[in-house]
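1. got a predicted structure here, sequence first:
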Amino acid sequence: MAKKDHYGMVLWPEYFDINLSKKMGRRISKDLAIPNVNSEDLFKACKRAGLHPENKPNKAYPSRWFDPRGCVVVMRKHSKSQTIDIVARKITKKHS
């Protein structure tokens, strides 16, 4: 499980994957989501957003333990929902 501390928050690729339902972990609307997100895509988007990311490629989203896509730990600048929205817009721009 990815470490959560006072410095950062964990963002999982599943939050941004259009192929997953909200029950399966997607946290954004389908119009901002993209297919097959991995921790490298997420890391690059977080870097463009200025969130000082740290890539953790060997981690797995807890409810999808069988599909280790990794995760990214970012500096806590905003609430988690605001951070997810910012990163979603960066990922979407790159894949448009």
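-> Nice, thanks for sending it over.
2. three-state assignment of Val10?
-> For Val10, the assignment made with DSSP: H, G, I helix; E, B strand; the rest coil gives strand.
3. does it really touch Gly70, like I thought?
-> No: judged on CB atoms under 8 Å, Val10 makes no contact with Gly70 at a distance of 10.6 Å. For every residue, glycine as well, the C-beta is placed using N, CA and C.
4. what about the helices in the protein?
-> Remark: helices assigned in the chain by DSSP state H are 39-48, 80-95.
5. same for the first one, what does it pack against?
-> It stands for helix 39-48. Other helices and strands packing on helix 39-48, by 3 or more CB pairs under 8 Å, 6 or more residues apart in numbering; DSSP states H and E, are strand 54-56, strand 71-75, helix 80-95.
6. how distant is that helix from the center of its chain?
-> Centroid separation for helix 39-48 versus its chain: 8 Å, with CA atoms, centre = their mean, to the nearest Å.
7. shaky segments in this structure?
-> Applying pLDDT under 70 to the chain flags the ranges 1-7, 94-96.
8. hmm, try it at 90
-> Along the chain, segments meeting pLDDT under 90 span 1-8, 75-77, 92-96.
9. contacts for stretch 9-28 next, please.
-> Residues from elsewhere that reach stretch 9-28 (CB atoms under 8 Å, 6 or more residues apart in numbering): 2-4, 30, 32-39, 41-42, 46, 61, 63-64, 69-74, 76, 80-81, 83-85, 87-88, 91.
10. from the residues you listed, which would you call buried?
-> 2, 32-34, 37, 39, 41-42, 46, 61, 64, 69-74, 83-84, 87-88, 91 (16 or more other CB atoms under 10 Å).
11. ok, and the closest non-adjacent residue to Arg64?
-> Among residues not flanking Arg64 along the chain, Glu14 sits closest, at 6.3 Å (CB to CB, 6 or more residues apart in numbering).
12. got it, and Pro53?
-> Using CB to CB, 6+ apart, the nearest residue to Pro53 is Cys46, at 3.7 Å.
13. so that neighbour is in contact with Glu54, correct?
-> No: assessed by CB under 8 Å, Cys46 is found out of contact with Glu54, at 9.1 Å.
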